[in-house]
Each structure stands twice: as C-alpha cells, then as structure tokens.
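J.: structural data only, the sequence is not supplied:
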C-alpha cells in the first residue's frame, strides 16, 4: 500500500484525477489528434507505484513530465516539444529571483527564447515580418 510505505494507515487511494479522461471522452471538444496522443501516451506502469515521481526528472516518465504552473505548483503534462520548452524556461529563467538577475538572463538569451518558442510551441508568440523574420512589437 502506498500509504503504509510512507508510515500512514492503509488508504484505498490518494486522489482521483479525471482531467485526461474527460479530455478524451466522445463529448469533449478536444481535437481527435490530441485525443489519440493522450490515449497513446504510455503513462506510468501501475505496478511501479512511485515511478510517477520520475516525471520531475529531465526525461519525465511514461511520456509525462512535470512543469511549474502559473500558480507556482507542479503540474503533469504530456512530454511534447512545447512542454519540454516550458520546463527549460522554468529551469533556466523563472527559477531566478525576479528582478535584474532574471531580466538580464532573459535579455541575454532573447533570440534563443524567441527561436525556441517559434519552433517548439503550439503557436508563435512573437510577430514575424514579411520575410518570416521574428520581430518585436515595435518593429
């Protein structure tokens, strides 16, 4: 039992997570390709109870990795290029203290960040000119 291993009385479960199940339901507005991706992600072997903790490591576990939500809480996501980028940005920039240190790091790596967002996120965040070059709002 998971709870006994941690020094607690026997408990049948610690939580019920419905998010992914609801996203793949026939009635859900999720796109068919995303439904397929969710269903084909292997997940964590239930016979290895604590393997989910590997999702905090760089390679994740079972096609799932852990990132920090906008509220500063851990959240499990499918390990896509976009989520791998999210994790990298968390680790490289948003773990730095707010202020000059973080601002300087982001400014120093601005071109890299823009290129990665445009290559690996679900939609370009920054504008492009008529030649396809990434530009700032003022340009």
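T.: Great, that's in hand. As the structure is a prediction and not an experimental result, all values here were calculated from the model. Residues are numbered from 1 along each chain as shown.
J.: so which elements touch the lengthiest helix in the chain?
T.: Scanning the chain for the helix with the most residues, using DSSP state H, yields helix 110-120. When contacts are defined as 3 or more Cβ pairs under 8 Å, 6 or more residues apart in numbering; DSSP states H and E, helix 110-120 sits against helix 81-89, strand 134-135. C-betas here are computed from N, CA, C, even on glycine.
J.: spatially central residue for the protein, please.
T.: residue 83 (3.7 Å; Cα atoms, centre = their mean).
J.: which one is that residue nearest to, not counting chain neighbours?
T.: residue 77 (4.4 Å; Cβ to Cβ, 6 or more residues apart in numbering).
J.: burial count for the one you found?
T.: Applying other Cβ atoms under 10 Å, we find 17 residues neighbouring residue 77.
J.: can I assume it sits in a strand?
T.: Yes - Residue 77: assigned to a strand according to DSSP: H, G, I helix; E, B strand; the rest coil.
J.: for it, which residues are in contact?
T.: By Cβ atoms under 8 Å, 6 or more residues apart in numbering, the contact list for residue 77 reads 64-67, 83, 86.
J.: please repeat the previous calculation with a cut-off of 10 Å.
T.: Neighbour list for residue 77: 55, 60, 64-67, 69, 83-84, 86-87 [criterion: Cβ atoms under 10 Å, 6 or more residues apart in numbering].
J.: cool, and residue 100?
T.: Listed by Cβ under 10 Å, 6+ apart, residue 100 has no contact partners.
J.: tell me who's in contact with residue 83.
T.: Residue 83 touches 60, 64-67, 75-77, 120-121, counting by Cβ under 10 Å, 6+ apart.
J.: and what of residue 54?
T.: Contacts of residue 54 (Cβ under 10 Å, 6+ apart): 44, 48, 60-62, 64-66.
J.: and residue 70, by the same measure?
T.: Taking Cβ under 10 Å, 6+ apart as the test, residue 70 contacts no residue whatsoever.
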